[in-house]
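Peer 1: with the sequence up front, the predicted model follows.
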Protein chains: 2
Amino acid sequence: MTQQSPDARHDALLDPARAPSLAGVERAAAKVAALLPPTPLLPLEVDGVTVWCKAECLQPVGAFKIRGAWHRLSDLSPEQAAAGVVGVSSGNHAQGVAWAAKRLGIKATIVMPSNAPQMKLAATRALGAEVILYDRVTESRDAVAAKLLEENGGTLVHAYGDPWIIEGQGSAGIEAEAQLRARGIDGFDKVVACCGGGGLSAGLALALPDTELVAVEPQGWDDVTRSLEAGEILSVEDLAYPTECDALQTPQTWPINFAVLQARGVRGVAVTREEVRHAMRLVFEKLHLVVEPGGAAALAAVLAGKVSPGKATLVTLSGGNVDPKHYAEILAGN
Amino acid sequence: MTQQSPDARHDALLDPARAPSLAGVERAAAKVAALLPPTPLLPLEVDGVTVWCKAECLQPVGAFKIRGAWHRLSDLSPEQAAAGVVGVSSGNHAQGVAWAAKRLGIKATIVMPSNAPQMKLAATRALGAEVILYDRVTESRDAVAAKLLEENGGTLVHAYGDPWIIEGQGSAGIEAEAQLRARGIDGFDKVVACCGGGGLSAGLALALPDTELVAVEPQGWDDVTRSLEAGEILSVEDLAYPTECDALQTPQTWPINFAVLQARGVRGVAVTREEVRHAMRLVFEKLHLVVEPGGAAALAAVLAGKVSPGKATLVTLSGGNVDPKHYAEILAGN
């Protein structure tokens, strides 16, 4: 597989002049609050310590991705909106973009891996988006998107390497902190986030500047963890490494995300398949929520003792789009 | 099996002087709001019509029962509190009473069927309550509770035949209507509620007086439906009739519930096992919530076309306590 350097890809596809900011996160939070009720912030006791789970799996598209997509698409100029948008996504961002596009009357084309969960493909199409499939191992999704944009025009809505997307995802942090304060607790001191490309992690880093932040990736797809340790962007080495966390299968973070995470001293940890499955089962039993593997990674790290909870810890339950037979298999394997 | 007449049982165990009221529901709603964040009111499209699902499975004990239990126990006098409480429950009310008792420092003893789901028994005990088992087919749970009260004293906290319990459960309606209005919709015109003994249904009837109300029961356990048709309280004829809706397996409603339901012109419908399972799967896929069979009955009736949605329909997703292997089996059977 050949990949362009992240810088070259980034410059080619996005305006590099704009940096995401806390002010932008706050603006996104206001836009999201006007459209979507807050998702619950649910307490969960882990070994006698309460952590706060943000149930983003209850968003209309089943994931936090609706936040960034809405912030991005609702900021397009009329000319940009008329030309349509192109998204690249393993499935949740796809639905977020399709949902926002449908609501705004914008044509959406989404580049998705051919092995994405069936329900994610079906849901994206059901929202009216055109889906273009690519092979996760042999093709670069960014190259497929670049070609589409070159041929048909339109605006790229990247899944994480975009200032609006980062700010939009960060709105979950603003919302969660307000919910925590409403319960009489002063604010979070720690944030544990599921991490693919780093859109949510970077957004939360901006939203909650006084917290310790840990980005959690699946084993084999821990490029952000390794990049933060190395001080430079590294890629996933084996794109065929098996993982159930399809939502977090991102080959590489982007400079715009890495810059935020590095500046905040974020660290990463990786979780195993069994740790993720255990977290999914606990969420089923204690919270009565369906989380997909990628949406359970952050909690998995806490349960496995890889991240110790702080005085007030925010844990993202970031998505719930999982095929029923797959979920049944995970539950029954208890 | 011998059963006392409902009137005799009711008079023996409860103060018959107090009738539940809308004012009581409003007081309960204020007490609940001070303690528990609102559960989400989630839109769900059914054949092009949006219905509003109240996700009570997200309560701390996984069911709406926490509402009535809190209203009841927090109104006990210091002397009553010191003497402890006795609950009778198939599992969700048990957890509600145990949760409220733990929070208030009250001793709780709960009479539960020996075939209740393991997770309900375990969760009730984990909350510090003492569990007394009885046989659902051969024993009367009310008789077991009456004996306990006679021997040890304390206050009965009945699962549905109690004015506080009815008012407390009704707080879900007050909360849901406020959430609907916050979304710019004027109010509900129809309510579809999962129904066991009629605590929730009667509470919602009081809370939302200008709505059409349908109580949904599982096939074979449709005593409320038949009672409302007959104009008098009838019992379930075959207490061994198989159902997965353990939360709705109530042999008979009580006069205090029946009076409210009858006065409001409530009607009942019954749903089959397959209709309930279909609703559980749809909630998994579209809402990413875990609902137990009894918690899916109301939605099942809507999906099956047995209740047609109104302009703004409230549907209770009343509980989510289901054993993982059982749930996996239901999901996989899709």
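Peer 2: All right, it came through fine.

Peer 1: from now on I want contacts and neighbour counts done on CA atoms only, so please keep to that.
Peer 2: OK.

Peer 1: what's A:T225 in contact with, if anything?
Peer 2: A:215-217, A:267-270 (C-alpha atoms under 8 Å, 6 or more residues apart in numbering or on different chains).

Peer 1: quickly find the element holding it.
Peer 2: Per DSSP states H and E: A:T225 is located in helix A:223-230.

Peer 1: what about that helix, distance to the chain center?
Peer 2: Here helix A:223-230 is found 17 Å from its chain centre; the criterion is C-alpha atoms, centre = their mean, to the nearest Å.

Peer 1: next one: stretch A:196-214
Peer 2: Mean-position distance between stretch A:196-214 and its chain equals 11 Å (C-alpha atoms, centre = their mean).

Peer 1: can I get the contacts of A:T225 in TSV with neighbour count?
Peer 2: Shown next, in TSV, are the contacts of A:T225 (neighbours: other C-alpha atoms under 10 Å in any protein chain shown):
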residue	neighbour count
A:A215	26
A:V216	33
A:E217	30
A:R267	18
A:G268	24
A:V269	21
A:A270	23
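
Peer 1: which of those residues fall in strands?
Peer 2: A:215-217, A:267-270 (DSSP state E).

Peer 1: on that earlier part again, please identify the buried residues of whichever helix or strand comes after the helix holding A:T225?
Peer 2: Remark: after helix A:223-230, the chain's next helix or strand is helix A:255-263, criterion DSSP H and E. Neighbour counts over helix A:255-263 (16 or more other C-alpha atoms under 10 Å in any protein chain shown) mark A:255-258, A:260-262 as buried.

Peer 1: okay, angle between helix A:255-263 and strand A:267-271 too, please.
Peer 2: 100 degrees (axes from the mean of the first three to the mean of the last three C-alpha atoms, to 10 degrees).

Peer 1: returning to that earlier point: I'd like the contacts of A:T225 as JSON lines, with distance to B:C57 and pLDDT appended.
Peer 2: Below are the contacts of A:T225 laid out as JSON lines (distance: C-alpha to C-alpha, whole Å; pLDDT from 0 to 100):
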{"residue": "A:A215", "distance to B:C57": "29", "pLDDT": "98"}
{"residue": "A:V216", "distance to B:C57": "28", "pLDDT": "98"}
{"residue": "A:E217", "distance to B:C57": "29", "pLDDT": "98"}
{"residue": "A:R267", "distance to B:C57": "35", "pLDDT": "97"}
{"residue": "A:G268", "distance to B:C57": "33", "pLDDT": "98"}
{"residue": "A:V269", "distance to B:C57": "32", "pLDDT": "98"}
{"residue": "A:A270", "distance to B:C57": "31", "pLDDT": "98"}
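
Peer 1: quick one, strands of chain A?
Peer 2: Taking DSSP E as the test, the strands found in chain A are A:41-46, A:49-55, A:85-88, A:108-113, A:130-134, A:155-157, A:190-194, A:212-218, A:267-271, A:313-317.

Peer 1: hmm, who's touching the shortest one?
Peer 2: Spelled out, that is strand A:155-157. A:13-14, A:69, A:72, A:80, A:83-88, A:97, A:145, A:149.

Peer 1: among those, name the ones in helices.
Peer 2: Among the contacts of strand A:155-157, the members falling in helices (DSSP state H) are A:13, A:69, A:72, A:80, A:83, A:97, A:145, A:149.

Peer 1: which one of those has the most neighbours?
Peer 2: When neighbours are counted by other C-alpha atoms under 10 Å in any protein chain shown, A:V97 leads those with 36 neighbours.

Peer 1: which residue is the nearest non-sequential neighbour of whatever residue of chain A ends up closest to chain B?
Peer 2: Residue nearest to chain B within chain A: A:A328 (4.2 Å; C-alpha to the nearest C-alpha). Using C-alpha to C-alpha, 6 or more residues apart in numbering or on different chains and skipping the chain neighbours, the partner closest in space to A:A328 is B:A328 (4.2 Å).

Peer 1: what residues does the stretch 151-300 of chain A have near chain B?
Peer 2: By C-alpha under 8 Å from any C-alpha of the partner chain, the part of the stretch 151-300 of chain A that sits against chain B consists of A:281, A:284-291.

Peer 1: separation between the closest residue to A:L287 other than its chain neighbours and A:E45?
Peer 2: Leaving aside its chain neighbours, A:L287 sits nearest to B:L58 (6.3 Å; criterion: C-alpha to C-alpha, 6+ apart). From B:L58 across to A:E45, the span is 15 Å (C-alpha to C-alpha, to the nearest Å).

Peer 1: when those two are compared, which one has more neighbours?
Peer 2: Taking other C-alpha under 10 Å, B:L58 and A:E45 do not tie; B:L58 has more neighbours (26 against 10).

Peer 1: ok, now how distant is the residue nearest to A:T211 when sequence neighbours are not counted from A:K311?
Peer 2: Leaving aside its sequence neighbours, A:T211 sits nearest to A:D189 (C-alpha to C-alpha, 6+ apart; 4.5 Å). Counting by C-alpha to C-alpha, the gap from A:D189 to A:K311 is 6 Å.

Peer 1: settle it for me: which of those two has more neighbours?
Peer 2: When neighbours are counted by other C-alpha under 10 Å, A:D189 comes out ahead of the other of A:D189 and A:K311, with 17 against 13.

Peer 1: per-residue pLDDT, the more buried one?
Peer 2: pLDDT, A:D189: 98.

Peer 1: distance-wise, check it relative to A:L149.
Peer 2: When A:D189 is compared with A:L149 (using C-alpha to C-alpha), they lie 42 Å apart.

Peer 1: re the thing from before, now do the contacts for the residue nearest to A:T211.
Peer 2: If you count contacts by C-alpha under 8 Å, 6+ apart, then A:D189 has A:210-212, A:310-313 around it.

Peer 1: before we move on, what about A:G294?
Peer 2: With contact set as C-alpha under 8 Å, 6+ apart, A:G294 has these partners: A:194, A:218, A:244-248, A:276, A:318-319.

Peer 1: swap the cut-off to 7 Å and go again
Peer 2: A:194, A:245-248 (C-alpha atoms under 7 Å, 6 or more residues apart in numbering or on different chains).

Peer 1: farthest pair in those?
Peer 2: Farthest-apart pair in these is A:C194 and A:D246; separation 11.9 Å (C-alpha to C-alpha).

Peer 1: please report phi then psi for A:C245.
Peer 2: phi -80, psi 70 (degrees, to the nearest 10).

Peer 1: so which of the contacts of A:D189 wins on neighbours?
Peer 2: Most surrounded of those: other C-alpha under 10 Å gives A:T313, at 24 neighbours.

Peer 1: A:V49 is in contact with that one, correct?
Peer 2: No. Between A:T313 and A:V49 no contact is recorded; they are 9.6 Å apart, counting by C-alpha atoms under 7 Å.

Peer 1: please state the offset of the biggest helix by length in chain A from the chain centre?
Peer 2: For chain A, the helix that runs over the most residues, judged by DSSP H, is helix A:163-182. Mean C-alpha position of helix A:163-182 versus that of the full chain (C-alpha atoms, centre = their mean) differs by 13 Å.

Peer 1: low-scoring stretches of chain A, by residue?
Peer 2: Applying pLDDT under 70 to chain A flags residues A:1-17, A:334.

Peer 1: most centrally placed residue in it?
Peer 2: A:L200 (5.0 Å; C-alpha atoms, centre = their mean).

Peer 1: just to revisit the earlier point, out of the contacts of A:D189, who's nearest B:G333?
Peer 2: A:T313 (37.6 Å).

Peer 1: so what's that closest one closest to, chain neighbours aside?
Peer 2: A:K190 (4.7 Å).

Peer 1: again, but for A:V49
Peer 2: For A:V49, the spatially nearest residue (C-alpha to C-alpha, 6+ apart) is A:P309, at 7.3 Å.

Peer 1: with A:R264 instead?
Peer 2: Using C-alpha to C-alpha, 6+ apart, the nearest residue to A:R264 is A:A205, at 6.9 Å.

Peer 1: ok, how many other residues are close to that neighbour?
Peer 2: 29.

Peer 1: who touches it in this structure?
Peer 2: A:A205 neighbours (C-alpha under 7 Å, 6+ apart): A:213, A:261, A:264.
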